[in-house]
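Student: generate coordinates for the sequence data below:
(chains A and B)
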Amino acid sequence: MERVIEVVPEAGLHARPASKFVQTVNQYDATVTVGRADDDGDPVPGNSMLSVTGLNVQHGESVRLVAEGDDAADVLDALEEILTTPVEEEAS
Amino acid sequence: MTTVTGVGSTPLSGVGTVRWYRPDEALDLPDRPDPEAVDPERERDRFESARDSVREDIRRAHDRAAERVGDEEAAVFEAHEQFLDDPQLVDGIEATIDDGVTAEHAVDDVFGEFVAQFEGMEGRMAERADDLRDVRDRLLRELLDVDAVDLSALPDGTVLLAERLTPSDTAGLDPDAVAGIATVTGGRTSHAAIIARSLAIPAVVGVGEALEEIPDGATVLVDGEAGEVVLDPSEGRRAAVSELDAPVVDDHVATADGREIEVAANVGRPAELDPAVARGADGIGLFRTEFLFLDRDAPPDEDEQFDAITAALDAFPTDRVVVRTLDVGGDKQVPYLDLPEEPNPFLGQRGVRLSLGDHADLFETQLRALLRAAATEHGADLAVMVPMVARVEEVDAVREQVESVAAALESEGVEYAMPELGAMVETPAASFVADALAERLDFLSIGTNDLTQYVMAADRENDGVADLHDPLHPAVLRAIDRTVDAAHEGGAWVGMCGEMAGDPDLTELLVGLGLDELSMSAVTVPAVKQRVRDTDTDAAEALASEVLACETRAEVGGALGL
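Tutor: Okay, the predicted model is just below:
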């Protein structure tokens, strides 16, 4: 299952959005990989903060998410929510 | 007695025993054994138990930092923990071990690849490389059984010397144990220097390589007032230390002849509220709201701002709290605001110019939070101050905005009250029209750091013009004098919230110039209160007249005996 999503948060896929992304992947029973939508570079594992921030995806760029497993559809929905929400709710 | 000099960054002194902190010192790895001789199972166990200990260390460091300087500074440790458990790293290390490599070499190899990858990138990515190095070194020390200097558990009376300290290093320091810090690099406004100041740790930064000559175990005095590090200080010099540490005075103070002067604190983050109370500050003369906006991905909402403002009001239930509205632009980076790149950022869109222009939405949210906070239990003491005012039209526009926000809250049935409204005088323009500003406002507060920069046309961060950036130049003193007089004629009270206000050697002059309130880093509040009590208003006014008649900086220094 795959989905292409434009990254909305101002910080791109860094800092809190990246951290939330990885935490979310870990909560679901699915394997997720993420790569830049616009090139053929190898996608990276979505459960690694190092790999996800290493993609250096900026605000306005698009990523391709691929999910496999029982929760594939659910995890994609949850990740889409994170990647398309400009202002995060405060954790406090 | 050898003395080296740098930039005094916390105006306190301390004496103690030198401990050098050298986190970058290479950790020597033993030679790689023959892969056949490595027992992968045992190496995996060693790696796993090292990882468990490091995870505990990081959590402890996180909790301590959160307690001492707040959640924001502590967040760096959360990132460290995430890296420690990153599957890319962990899987890579385990696979390397399975190829017959010892745990320490596997850690070194795999971290090395990622550090190199992040080092080649810019901005945030380069910071990631620092984080990775930090986690790697913790793991290697654990595996090699090498003790690191534990910055949070230094023995009492330590003077910490280092090439540089990161914000997380500084945030972990125990202010009760550390008698002072001195660093080879860094400036007054570096993040580490600011944290040291808020922890009230005597600090001298930017000493240069001369600092390296001071050996481990030596006795030194760190004088954050004079910007000096003194090796083997004399008895006389040691005695002067205790003088600086004036006793805390909790009550409001008056001059010897009874003129009350409010001595308040500048506060830049919530963790500074308690120290300000503890140092006996009469409220807050400058509550910077930037901490709510910097180092994050999106602006804070109305409730978060409301909570921060009421926390400040509650910390000082009977004293005034002056909250400055958002002062970004210039050199302050807020990536999500998309501020324009400007050829002269200090002369561009900053402070109230953004609040009335491109970021009216942020301003409206902030005003809503402020007006609501004014209606809370201790809200009657709230005063709102607008930065970077140059024209009376700006003050009129701000008042219009305040009234429209009030009308909106009224129609929504939300409780609110009108706080005192004031402006910061930090442009020469504001000083020239201070009479008109005072007629429209409840108070003015002179920001001497920026006012000096603009009056003297000398960048406050530029060492090359440091002589020009000095509030004791006659031009700056005369700008202050005319502002105070105009404020009083217009019926407004007038304060000062720059570094100048916190210099005890200038207290008499400032009283003589007629300031009603002085606001400063909390550490200098006790010393300034003492000076106010020792001051006689008539003598202070005579001193002010003498100083105002001076034509050169040298004459001013002579008149003040400095």
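Student: how is the nearest residue to B:Phe432 once chain neighbours are set aside assigned, secondary-structure-wise?
Tutor: Counting by Cβ to Cβ, 6 or more residues apart in numbering or on different chains, B:Phe432 lies nearest to B:Arg482, which is 7.8 Å off, once chain neighbours are set aside. Every residue, glycine included, has its C-beta placed from N, CA and C. Using DSSP: H, G, I helix; E, B strand; the rest coil, the secondary structure recorded for B:Arg482 is helix.
Student: my guess is B:Arg482 meets B:Ser431, correct?
Tutor: Yes: under the criterion of Cβ atoms under 8 Å, B:Arg482 makes contact with B:Ser431 at 6.1 Å.
Student: more neighbours: those two, which one.
Tutor: A direct count of neighbours by other Cβ atoms under 10 Å in any protein chain shown for B:Arg482 and B:Ser431 places B:Ser431 higher, at 24 against 16.
Student: pull the residues that contact the strand or helix carrying the more buried one.
Tutor: Assigned by DSSP states H and E, B:Ser431 belongs to helix B:428-432. Helix B:428-432 has contacts (Cβ atoms under 8 Å, 6 or more residues apart in numbering or on different chains) with B:389-391, B:423-425, B:437, B:444, B:451, B:454-455, B:479-480, B:482-483.
Student: neighbours of residue 9, how many?
Tutor: In the absence of a named chain, this looks at chain A. If we define neighbours as other Cβ under 10 Å, then A:Pro9 has 25 of them.
Student: not quite, I wanted chain B
Tutor: Summarising burial for B:Ser9: neighbours were counted as other Cβ under 10 Å, giving 26.
Student: please apply the same query to B:Val322.
Tutor: Other residues close to B:Val322 by other Cβ under 10 Å number 28.
Student: residue contacts, the closest residue to it other than its chain neighbours?
Tutor: Excluding its sequence neighbours, the residue lying closest to B:Val322 (Cβ to Cβ, 6+ apart) is B:Ala383, at 4.5 Å. By Cβ under 8 Å, 6+ apart, the contact set of B:Ala383 is B:Arg320, B:Val321, B:Val322, B:Val323, B:Pro419, B:Glu420, B:Leu421, B:Gly422, B:Asp442, B:Phe443.
Student: correct me if wrong, but A:Asp38 is in a helix.
Tutor: No: if the criterion is three-state DSSP, then A:Asp38 is coil and not within a helix.
Student: pull out the buried residues from stretch A:63-78.
Tutor: By neighbour count on 16 or more other Cβ atoms under 10 Å in any protein chain shown, the buried set for stretch A:63-78 is A:Val63, A:Arg64, A:Leu65, A:Val66, A:Ala67, A:Asp71, A:Ala72, A:Val75, A:Leu76, A:Ala78.
Student: can you give the contact residues for whichever strand or helix holds the second one?
Tutor: Element membership for A:Arg64 (DSSP H and E) is strand A:62-68. Strand A:62-68 has contacts (Cβ under 8 Å, 6+ apart) with A:1-7, A:13, A:30-38, A:43, A:46, A:55, A:57, A:73, A:75-76, A:79, A:83.
Student: so what pLDDT did the closest residue to chain A within the stretch 301-450 of chain B get?
Tutor: Nearest to chain A, among the residues of the stretch 301-450 of chain B, is B:Tyr336, at 3.7 Å (Cβ to the nearest Cβ). Note on B:Tyr336: pLDDT of 81.
Student: right, and B:Arg46 touches B:Leu143 too?
Tutor: Yes: contact criterion Cβ under 8 Å: B:Arg46 and B:Leu143 qualify, at 6.3 Å.
Student: more crowded one of the two?
Tutor: Taking neighbours as other Cβ under 10 Å, B:Arg46 and B:Leu143 compare with B:Leu143 leading, 25 against 17.
Student: not counting sequence-adjacent ones, nearest residue to the more buried one?
Tutor: That would be B:Glu104: by Cβ to Cβ, 6+ apart, it lies 4.4 Å from B:Leu143.
Student: same thing with B:Leu515?
Tutor: In space, and not counting its chain neighbours, B:Leu515 is closest to B:Met496: 5.3 Å by Cβ to Cβ, 6+ apart.
Student: my read is that B:Gly379 contacts B:Ala312, right?
Tutor: No: B:Gly379 is not in contact with B:Ala312 according to Cβ under 8 Å; the separation is 10.8 Å.
Student: settle it for me: which of these two has more neighbours?
Tutor: B:Ala312 (24 against 21).
Student: how much space separates B:Ala276 from chain A?
Tutor: Distance of B:Ala276 to chain A, given as Cβ to the nearest Cβ, to the nearest Å: 22 Å.
Student: shouldn't that residue be in contact with B:Ala315?
Tutor: Yes: B:Ala276 is within contact range of B:Ala315, at 7.4 Å (criterion: Cβ under 8 Å).
Student: how big is the angle separating the least confident helix or strand in chain A by mean pLDDT from strand A:62-68?
Tutor: Across the helices and strands of chain A, mean confidence by mean pLDDT, DSSP states H and E is lowest for helix A:15-27: a mean of 84. Orientation check (axes from the mean of the first three to the mean of the last three Cα atoms, to 10 degrees): helix A:15-27 against strand A:62-68 gives 20 degrees.
Student: what ranges in the stretch 251-400 of chain B fall below the confidence cut-off?
Tutor: Scanning the stretch 251-400 of chain B with the threshold set as pLDDT under 70 gives B:295, B:330-333.
Student: if you set the cut-off to 90 instead, what comes out?
Tutor: B:268-272, B:274-275, B:290-291, B:293-298, B:328-346, B:358 (pLDDT under 90).
Student: write out the residues of it neighbouring chain A.
Tutor: B:Arg296, B:Asp297, B:Ala298, B:Pro299, B:Pro300, B:Asp301, B:Glu304, B:Pro335, B:Tyr336 (Cβ under 8 Å from any Cβ of the partner chain).
Student: out of these, which end up buried?
Tutor: B:Arg296, B:Asp297, B:Ala298, B:Pro299, B:Pro300, B:Pro335, B:Tyr336.
Student: farthest pair within the residues you listed?
Tutor: B:Pro300 and B:Pro335 (14.8 Å; Cβ to Cβ).
Student: ok now do B:Val101, which residues does it touch?
Tutor: B:Arg32, B:Pro35, B:Val38, B:Glu43, B:Asp109.
Student: now name the helix or strand holding the fourth one.
Tutor: Read it as B:Glu43. Residue-wise, B:Glu43 maps onto helix B:40-69 under DSSP H and E.
Student: packing partners for the helix or strand containing B:Glu104?
Tutor: Per DSSP H and E: B:Glu104 is located in helix B:103-119. In terms of contacts (3 or more Cβ pairs under 8 Å, 6 or more residues apart in numbering or on different chains; DSSP states H and E), helix B:103-119 is packed against helix A:49-54, helix B:40-69, helix B:87-98, helix B:124-144.
Student: for B:Asp467, phi and psi?
Tutor: When quoted as degrees, to the nearest 10, the phi and psi of B:Asp467 stand at phi -60, psi -30.
Student: burial count for it?
Tutor: 11.
Student: ok, now B:Gly357?
Tutor: 10.
Student: which ones are touching the closest residue to B:Val7 other than its chain neighbours?
Tutor: The spatial neighbour of B:Val7 that comes closest, neighbours along the chain excluded (Cβ to Cβ, 6+ apart), is B:Gly206 at 4.6 Å. B:Gly206 makes contacts with B:Gly6, B:Val7, B:Thr183, B:Val184, B:Thr185, B:Gly186, B:Gly187, as judged by Cβ under 8 Å, 6+ apart.
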